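Novice: Got a sequence here, can you model it:
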Amino acid sequence: MTVSEFYAVCGALSMAGALAAPFLLYSLVKKAAERRRALGECAALAMFGLAFCLWTSQLLAFA
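Specialist: The predicted structure is shown next:
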């Protein structure tokens, strides 16, 4: 995988995260209100956040 392909994947993941984040946050808050574990939602939000940070750092580096 080349560097540009890596950043393309990060961009796609961050866009998917932007679409999925409201649903993940809703599920996270709902489980927190019921005092249940929300490890999956937290992990998904962290993955999307990391992808977004990597993608924007690449955009800023070449701007």
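Novice: and for stretch 14-34, what are the contacting residues?
Specialist: When contacts are defined by CB atoms under 8 Å, 6 or more residues apart in numbering, stretch 14-34 is touched by residues 37-38, 41-42, 44-45, 47-49, 51-52, 55-56. All C-beta spots, glycine's among them, are computed from the backbone N, C-alpha and C.
Novice: Could I get the full set of strands for this protein?
Specialist: In the chain, no strands are defined using DSSP state E.
Novice: middle-most residue in it, spatially?
Specialist: F48 (1.0 Å; CA atoms, centre = their mean).
Novice: what's the closest non-adjacent residue to that residue?
Specialist: Spatial nearest neighbour of F48, chain neighbours left out: G17 (2.6 Å); criterion: CB to CB, 6 or more residues apart in numbering.
Novice: Show only the entries of the contacts of stretch 14-34 found in helices.
Specialist: If you go by DSSP state H, the contacts of stretch 14-34 have 41-42, 44-45, 47-49, 51-52, 55-56 in helices.
Novice: For the residue nearest to F48, grab the count of nearby residues.
Specialist: For G17, the neighbour count with other CB atoms under 10 Å is 19.
Novice: do E34 as well
Specialist: Neighbours of E34 using other CB under 10 Å come to 8.
Novice: ditto for A51
Specialist: 20.
Novice: mind showing which ranges of the protein have poor pLDDT?
Specialist: 62-63 (pLDDT under 70).
Novice: same thing but 90
Specialist: Within the chain, the set of residues satisfying pLDDT under 90 comprises 1-8, 10-11, 54-63.
Novice: quick one on the thing from earlier: my read: the residue nearest to the centre of the chain touches C10, true?
Specialist: No - at 10.1 Å, F48 does not count as touching C10 under the criterion of CB atoms under 8 Å.
Novice: For C10, list the residues it contacts.
Specialist: For C10, the contact set (CB under 8 Å, 6+ apart) comprises 51-52, 54-55, 58.
Novice: JSON lines please, covering these and showing distance to M1.
Specialist: Below are the contacts of C10 laid out as JSON lines (distance: CB to CB, whole Å):
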{"residue": "A51", "distance to M1": "14"}
{"residue": "F52", "distance to M1": "19"}
{"residue": "L54", "distance to M1": "13"}
{"residue": "W55", "distance to M1": "15"}
{"residue": "Q58", "distance to M1": "14"}
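Novice: Having no further points to raise, I will conclude here.
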